[in-house]
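> requesting a structural model of the entry that follows:
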Amino acid sequence: MLLIEQNVPCLPSVQTGIMGKKTSLRVSPKNEKQLQPNTKLPFNLTSLKTNSIICCILLLIFGVGIIVGRKSTVLSGADSLTVNGAIKVKPGPWGNLVYVPITLAAPQELLKVRGIEATPVNWLLEGISRDRLARLFDSLGVPEQQKNALLGPQSLKTSPQGLIMAPPPADVIAGLTPSSTLENIYRILSKAKHNEQFKWIILSKNVDKMRDADVSAATVALLKKMSCQEGKFLICYCMPYVLAKIPTYEEKVSFIKALSSQETMLIRLKITPTTDIDALVAYWGKSYWAHNVRALLESLKKLPNGGITDIIHLLPPLPTSLLYTYPAPQNSSIRLVVSRNCSWTAFNFFNEIPEAKFSDANYVAEKIKTDYYPVLSDPHFGDVIVFLTPDTLLIHVAVYIADDIVYTKNGDNPSHPWIFSHIADLLESFSYAVPPGQNLSMLYFRNKNY
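Here you go, the predicted structure:
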């Protein structure tokens, strides 16, 4: 994923015990903007007007069309594994799998381009006085004109919490010299929780790939100029200003759309006349729908040269309906708005009717203790993986599929779809939550009923 976080984490913080450890359950990506984990997650949609409801219905109909359409991805014969760009999965009990990498980007209907640009930016500078800030700028060699713009009464006000900075116009922020000026300001901003609402965390290795999404070189350079490097990530606290500097609406849309992009994959299973169907059913078949898995696989085995199926046909009903789709808007005037974050996604994997409480960290913690047990052997299809920081903060949850592939929803962000991902990619993306030189760890849990 390109944008890792944007003020909306998956799970609120709570202290609980997992494997005898004190674990603070929090999950990823932030609020309604784009993609982010370490922040406050619950997002609410206000009551939708009639035209919004009609939009919802159309989106749902469109989504059903996609699901029904993709249900026909059963192929026969030698064509099964010859898709361009297909990559073979390591051998295992999951069978003969290949995957084709694809990238999903949120449709324009889900992007809050004007809303992001119109967001007022008010930074809180904790633990620093105006005089001390002025001395810092002097030590950095900030030109007098820029220093006056930053420290003037129109930009800087005092409050009981500290200094409140309403940053000067975008041209001033974009033109700050030396570059260490913005770095020092961002370092101060990182100390105040208030500023998390403005924080965008972007995996820097993918920024240049935005050029492949019709984002101009000038816009990519602008993003870099108004951000600061922090390990593998670019940090930006002034995204509304970045958008304000982009000259056309079309370019703004391309930019935000590119930030929403998520790398995923199409996965196919090859069946031959000699395939051990019992072994595959033992791996993929769960509970009452195991007979459906068997029926499909046996039908492919009977073909003269075998056949291939997308593994979406092997998943339980709920992930089958959600995979590769974006959350439909929820109408709070009709029913309770549910935070469909990573924990809701993972712990409802085998539930035909999703349980809303799985978006709550306290409920998840209790369910892990009562309905799950730690996996000490090789992981199996459907196991839950929790990603922990060195101080046992739970930062993300996903579902094991095969090899290093998982099923995941990266936060409650409506511009994040349900996808397949590689474990290594999630570890890299969520490593922003750990200090340099430290790594995330993983624990596997298995549902006692499956």
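
> only C-alpha atoms for contact and neighbour calcs from this point on.
Noted.

> P93 and W284 touch, don't they?
No: P93 lies out of contact with W284 (CA atoms under 8 Å); the separation is 9.1 Å.

> can you list the weak-confidence ranges in this structure?
Scanning the chain for pLDDT under 70 picks out 1-84.

> repeat the analysis, applying 80 as the threshold.
1-85, 287-288, 331-335 (pLDDT under 80).

> can you give me phi and psi for the residue located most distally from the centre of it?
Most distant from the centre of the chain: P304, at 42.2 Å, with distances by CA atoms, centre = their mean. The phi/psi pair for P304 (degrees, to the nearest 10) reads phi -50, psi -40.

> now it: how far from G95?
19 Å (CA to CA, to the nearest Å).

> also N449?
Counting by CA to CA, the gap from N449 to G95 is 24 Å.

> over to I395?
I395 sits 31 Å away from G95, going by CA to CA.

> looking at these two, which is more packed in?
Neighbours per residue (other CA atoms under 10 Å) separate I395 from G95, with I395 holding more: 27 against 20.

> helix, strand or coil for the more buried one?
Under DSSP: H, G, I helix; E, B strand; the rest coil, the three-state class of I395 is strand.

> now it: how far from I128?
Distance of I395 to I128, computed by CA to CA: 31 Å.

> which residue ranges of the stretch 151-300 of the chain form helices?
Secondary structure of the stretch 151-300 of the chain, counting by DSSP state H, counting those that start in this stretch: helices at 170-174, 180-189, 217-225, 239-245, 249-259, 277-284, 290-301.

> what's the shortest one packed up against?
Translated: helix 170-174. helix 239-245 (3 or more CA pairs under 8 Å, 6 or more residues apart in numbering; DSSP states H and E).

> output the helix it packs on as PDB, restricted to C-alpha atoms.
Coordinates of each C-alpha in helix 239-245 appear next as PDB, following Å, rounded to 0.1, in the frame of the first residue of the first chain:
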ATOM      1  CA  MET A 239      -1.700  17.600   2.900                       C
ATOM      2  CA  PRO A 240      -4.400  20.400   2.400                       C
ATOM      3  CA  TYR A 241      -1.500  22.700   1.500                       C
ATOM      4  CA  VAL A 242      -0.100  20.100  -1.000                       C
ATOM      5  CA  LEU A 243      -3.500  19.900  -2.700                       C
ATOM      6  CA  ALA A 244      -3.800  23.700  -2.700                       C
ATOM      7  CA  LYS A 245      -0.500  23.900  -4.700                       C
END
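
> touching, the residue farthest from the centre of the chain and P273? I think so.
Yes: contact criterion CA under 8 Å: P304 and P273 qualify, at 7.3 Å.

> any idea how far L176 is from the residue lying closest to S287 once chain neighbours are set aside?
Spatially, and ignoring its direct neighbours in sequence, S287 is nearest to Y450 (6.7 Å; CA to CA, 6 or more residues apart in numbering). Counting by CA to CA, the gap from Y450 to L176 is 57 Å.

> what's the answer for A118, then?
A118 sits 22 Å away from L176, going by CA to CA.

> neighbour count: those two, which is higher?
Neighbour count, other CA under 10 Å: between A118 and L176, L176 has more, with 18 against 13.

> isn't the more buried one up against Q145?
No: at 10.2 Å, L176 does not count as touching Q145 under the criterion of CA under 8 Å.

> name the residues of stretch 132-144 that are buried.
The neighbour-count check on stretch 132-144 (16 or more other CA atoms under 10 Å) flags 133-134, 137, 142 as buried.

> and those residues, which of them are in helices?
Applying DSSP state H to the buried residues of stretch 132-144, the entries found in helices are 133-134, 137.

> just the closest of those residues to F358, please.
L133 (44.8 Å; CA to CA).

> report the contact partners of the closest one.
By CA atoms under 8 Å, 6 or more residues apart in numbering, no residues touch L133.

> against E428, how distant is it?
In this structure, L133 and E428 are 35 Å apart, going by CA to CA.

> what is the burial count for K88?
Here the number of neighbours of K88 (other CA under 10 Å) works out to 14.

> domain ranges for the protein?
The chain breaks down into these domains under automatic domain parsing: 1-111+267-450, 115-259.

> so how far is the last one off the chain centroid?
On the basis of CA atoms, centre = their mean, to the nearest Å, domain 115-259 is displaced by 22 Å from the centre of the chain it belongs to.

> end to end on it, go ahead and measure it.
Using CA to CA, the end-to-end distance of domain 115-259 comes to 15 Å.

> with stretch 264-284 instead?
End-to-end distance for stretch 264-284, by CA to CA: 20 Å.

> mind listing what's buried in it?
Buried positions in stretch 264-284, judged by neighbour count with 16+ other CA under 10 Å: 264-272, 275, 277, 280-281, 283-284.

> what do you get for stretch 223-232?
Using 16+ other CA under 10 Å as the test for burial, stretch 223-232 gives 223-228, 232.

> I would like the residues contacting that stretch, please.
For stretch 223-232, the surrounding residues in contact (CA under 8 Å, 6+ apart) are 173-174, 182-183, 186, 203-205, 234-238, 242, 432, 436.

> could you flag which of these are buried?
173-174, 182-183, 186, 203-204, 234-238, 242, 432.

> wait, which of these is closest to S254?
Nearest to S254 out of the buried ones among the contacts of stretch 223-232 is V242 (CA to CA; 13.2 Å).

> for the closest residue in space to that closest one that isn't next to it in sequence, give its distance to D208.
Once flanking residues are discounted, V242 sits nearest to L223: 6.5 Å by CA to CA, 6+ apart. Look at L223 and D208: by CA to CA, they are 10 Å apart.

> then L318?
Taking CA to CA as the measure, L318 falls 35 Å from D208.

> could I get the helices of the stretch 151-300 of the chain as TSV with distance to E352?
Output for these, formatted as TSV (distance: least, CA to CA, whole Å):
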stretch	distance to E352
helix 170-174	49
helix 180-189	44
helix 217-225	43
helix 239-245	39
helix 249-259	32
helix 277-284	16
helix 290-301	14
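
> out of those helices, flag the one nearest A86.
helix 290-301 (20.3 Å).

> dump that closest one to CSV, keeping only the CA atoms.
Extracted in CSV, the C-alpha atoms of helix 290-301 (Å, rounded to 0.1, in the frame of the first residue of the first chain):
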residue,chain,number,x,y,z
ALA,A,290,-16.6,-27.9,3.0
HIS,A,291,-19.0,-29.9,0.8
ASN,A,292,-19.2,-27.0,-1.6
VAL,A,293,-15.4,-26.9,-1.8
ARG,A,294,-15.3,-30.6,-2.5
ALA,A,295,-18.0,-30.4,-5.2
LEU,A,296,-16.1,-27.7,-7.1
LEU,A,297,-12.7,-29.4,-6.9
GLU,A,298,-14.0,-32.8,-7.8
SER,A,299,-15.8,-31.3,-10.9
LEU,A,300,-12.5,-29.8,-12.0
LYS,A,301,-10.6,-33.1,-11.5
